[in-house]
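> need a structure here:
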Amino acid sequence: MSRSKGVLYLTDNQLPDKLWKLCQNTLIDAIGKLELVSSSREPIDFGTNVVTDLPRGYECYFKQILKGLETLTSDLVFIAEHDVLYPPEHFDFTPPDDSIYYDVNWWKVHDDGVAVSWEAEQVSGICAPRGVLLEWYRNKVETFNKDNFDRKFEPLSGEGSKQWKAPLPHIDIRHGRNLTYNKKKLEHFRKKETAVNFQSTTIDQIPGWSLSVTDIY
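Next comes the predicted model:
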């Protein structure tokens, strides 16, 4: 039996307008008729919208994801972050089992044109059964303590998660308001062994995309 697919779009409502519109338009073109739920801190007109009215931060982030998962009806969920450009090929993937899968074909781009990549599991690359994600995020919200946060963002990463690579990469855009730290060089990694297959190029050389700095910033 085939399983239905849906997309959970996450935003904190604090992206520059140009970048916000570019990522939203690209996502709409990429997902076609898949179910779309947007989870935001303020109301937006984008798919089925749910709002988490809390200060920006990690607790709000986890609660936004949980609320979006509870609203979706699809069997399989792709998590799409507001500052990422996705190709249609990313959403062609269908997990062969009930594991949490991470698309590790991605690049991070910066406003100076530098683009870097390494094989790491990121929330923006998740595709997994909705029920599996619900269980993990419900526990995360129930046990979250801002004074003792373990900085574990990726569900079951390294604990039974699996990976795939879409034919074309998705692009994580760094813009100064990201929740995670910017790493542009190997020396920025506390544990360099985690920078698996580290690569560096420029934005205009990312495979499958025709982008320049001025397209984004």
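> Quick check: phi and psi on the spatially most central residue of the chain?
The residue lying closest to the centre of the chain (Cα atoms, centre = their mean) is Ser124, at 1.4 Å. Main-chain dihedrals, Ser124, degrees, to the nearest 10: phi -70, psi -10.
> pretty sure it is touching Ala80, no?
Yes - counting by Cβ atoms under 8 Å, Ser124 does reach Ala80; the two are 7.0 Å apart. The way it works is simple: take the backbone N, C-alpha and C, and place the C-beta from them, glycine included.
> Now find how far off-centre the helix or strand containing Tyr61 is within its chain.
Assigned by DSSP states H and E, Tyr61 belongs to helix 58-71. Centroid displacement of helix 58-71 relative to its chain, using Cα atoms, centre = their mean, to the nearest Å, is 13 Å.
> which outside residues touch whatever helix or strand comes next after that helix?
Per DSSP H and E, the first helix or strand lying C-terminal to helix 58-71 is strand 76-81. Strand 76-81 is contacted from outside by 3-11, 27, 31, 34, 65, 69, 86, 90-91, 94-95, 123-130, 133, 172, using Cβ atoms under 8 Å, 6 or more residues apart in numbering.
> Regarding the residue found closest to Ser200 once you drop the neighbours it is linked to in the chain, what is its secondary structure?
Closest residue to Ser200 apart from its sequence neighbours, by Cβ to Cβ, 6 or more residues apart in numbering: Val116 at 5.0 Å. Per DSSP: H, G, I helix; E, B strand; the rest coil, the secondary structure class of Val116 is strand.
> Tell me which residues touch Val116, please.
Counted by Cβ under 8 Å, 6+ apart, Val116 has contacts Trp107, Lys108, Lys183, Lys184, Lys185, Phe198, Gln199, Ser200, Thr201.
> rewinding a little: of the contacts of strand 76-81, buried ones?
Buried subset of the contacts of strand 76-81 (neighbour count, 16 or more other Cβ atoms under 10 Å): 5-11, 27, 31, 65, 69, 86, 90-91, 95, 123-130, 133, 172.
> so of those, which ones are in strands?
Counting by DSSP state E, the buried ones among the contacts of strand 76-81 place Lys5, Gly6, Val7, Leu8, Tyr9, Leu10, Ile126, Cys127, Ala128, Pro129, Asp172 in strands.
> Could you identify the pair within these that is furthest apart?
Pro129 and Asp172 (23.9 Å; Cβ to Cβ).
> Pairing-wise in the sheet, spell out the partners of Leu76.
When bridges are called by DSSP bridges, Leu76 pairs up with Lys5, Pro129.
> what about it, neighbour count?
23 (other Cβ atoms under 10 Å).
> Alpha carbons of stretch 199-206, in PDB - could you do that?
What follows is stretch 199-206, C-alpha atoms only, in PDB (Å, rounded to 0.1, in the frame of the first residue of the first chain):
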ATOM      1  CA  GLN A 199      33.700  20.400   0.600                       C
ATOM      2  CA  SER A 200      33.800  24.100  -0.300                       C
ATOM      3  CA  THR A 201      32.800  25.900  -3.500                       C
ATOM      4  CA  THR A 202      30.900  29.000  -4.500                       C
ATOM      5  CA  ILE A 203      27.200  29.500  -4.800                       C
ATOM      6  CA  ASP A 204      27.200  29.600  -8.600                       C
ATOM      7  CA  GLN A 205      28.900  26.200  -8.800                       C
ATOM      8  CA  ILE A 206      26.400  24.200  -6.800                       C
END
